Every structure is written in C-alpha cells, then in structure tokens.
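[1] Okay, structure incoming, though there's no sequence with it:
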C-alpha cells in the first residue's frame, strides 16, 4: 500500500506528501469494465505474461481508473500491456488533502465527501488543483462496512525556503 507522509491536519482532513507513484491506468472505460481491463493486465495480459502484485489504493478520477503498481516500477520498466487501453504512467510527487470514509463509495457519497473537503480547504487558505479523486483501499469482496475509502485533491502547501 502506498502511504503518504503526514504533513498536517485540519479537523478530520489529513494533509499528506506522496512520492512518485507508478500506475497502470485506463480511460474511456468506466466502472467494472475499467477494473476488468486493469485486472487482466496485472494478472498476465501483458507482453511478458507476468503477474504484477496489485497495491492499494485503486484511484478513480474524472479521466478514469488507475491501479497503483509496486514502487520497483519507478526504476524498472513494467511489462508492456497487450490491451491498448492500458497506459503506464507515473503520478509525480505531490501534496494531497484527504478525507476518509467507510462503506461503499457510491457517487453520491463521494460527492458529499468532496463537498466537505473543498470548502474546508478554502476556509483555511489552502489552494487546491484539479478535481477531487477517489482512493479505494479494499478488495471488492470486503463487506461495505469494513471498506476504507478516501476522497483527495492535490493541494499547494507553502514550503519554507
């Protein structure tokens, strides 16, 4: 699991600094289709036929879905996907504000969490960039009440020189 470095808190909002993160992502497909495309990639539908350990979280944003790959793929090339809808990228290091919640990540719940997150950041003078995104940490087999999710958004924290 990729964990960010704790850099602060505002109530129940956590501020974190994340390192570079290698991902396999798909866009243009949504929901179960996106998950299936990425799952096939990590279970061997790649040019090497290699299985790749899936790490958490699964990230959903306005563009699509991403599986976080093991950090070793920052230094070595991950297997090339067979399916052209899978794109390999690196999310560059960034600072993120997150709000945790339990249960199923229904769109309405994600919207409600975003509606709590953004005004709080604005009240505290923390600039944010882009759109909120969802991070899910559990297998689809985990019962809803045990699931851990987060809504996050990239932020700009002032750094001392």
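    Happy to help now that I have it. Because the structure is predicted, anything quoted here is derived from the model rather than measured.
[2] Okay, strands next: where are they in this structure?
    5-10, 13-18, 21-27, 55-61, 64-68, 86-91, 94-102, 127-136, 148-156 (DSSP state E).
[3] can you redo the ones you listed as TSV with mean pLDDT, distance to residue 43 and mean neighbour count?
    C-beta coordinates here come from the backbone N, C-alpha and C atoms, glycine included. Shown next, in TSV, are the strands of the chain (pLDDT from 0 to 100; distance: least, C-beta to C-beta, whole Å; neighbours: other C-beta atoms under 10 Å):
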stretch	mean pLDDT	distance to residue 43	mean neighbour count
strand 5-10	94	31	12
strand 13-18	97	26	18
strand 21-27	94	12	21
strand 55-61	93	14	20
strand 64-68	95	11	22
strand 86-91	96	12	15
strand 94-102	97	28	19
strand 127-136	96	18	17
strand 148-156	97	23	20
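[4] Could you check how far the closest residue to residue 124 other than its chain neighbours is from residue 74?
    Closest residue to residue 124 apart from its sequence neighbours, by C-beta to C-beta, 6 or more residues apart in numbering: residue 10 at 5.5 Å. The spacing between residue 10 and residue 74, counted by C-beta to C-beta, to the nearest Å, is 30 Å.
[5] Domain-wise, how is the protein divided?
    5-17+93-156, 20-91 (automatic domain parsing).
[6] tell me how far the ends of the shortest one are from each other?
    In domain 20-91, first residue to last residue: 6 Å (C-alpha to C-alpha, to the nearest Å).
[7] Figure out the length between the terminal residues of stretch 119-131.
    OK, stretch 119-131 end separation, C-alpha to C-alpha: 13 Å.
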